[in-house]
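Participant: no sequence on this one, just coordinates:
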């Protein structure tokens, strides 16, 4: 299960919670004030993972310099 970061709209507390993907948009309870208005935040690690590109050498990129 992925870990999501939420911020409580009532008290401002940020908290992490393991939640099934299908349930990530459900109402989450703040552990601090027990409020039920928490917003799901985008974590910085999720943003970095989507922008990272891997560079693997392609097959057939050798140059033919005419030597044998």
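Facilitator: Thanks, I have the structure now. Computed from a predicted structure; not experimentally measured. Residues are numbered from 1 along each chain as shown.
Participant: Distance of residue 19 relative to residue 3?
Facilitator: Note on residue 19: its distance to residue 3, by CB to CB, to the nearest Å, is 8 Å. (Each C-beta comes from the backbone N, C-alpha and C, glycine too.)
Participant: more neighbours, the two?
Facilitator: residue 19 (17 against 10; other CB atoms under 10 Å).
Participant: In three-state terms, label the closest residue to residue 13 other than its chain neighbours for me.
Facilitator: Spatial nearest neighbour of residue 13, chain neighbours left out: residue 32 (4.1 Å); criterion: CB to CB, 6 or more residues apart in numbering. Counting by DSSP: H, G, I helix; E, B strand; the rest coil, the backbone at residue 32 sits in coil.
Participant: residue contacts, residue 32?
Facilitator: By CB atoms under 8 Å, 6 or more residues apart in numbering, residue 32 lies in contact with 8, 11, 13, 15.
Participant: now do 7 Å
Facilitator: 8, 11, 13 (CB atoms under 7 Å, 6 or more residues apart in numbering).
Participant: Please narrow those residues to those residing in strands.
Facilitator: residue 8 (DSSP state E).
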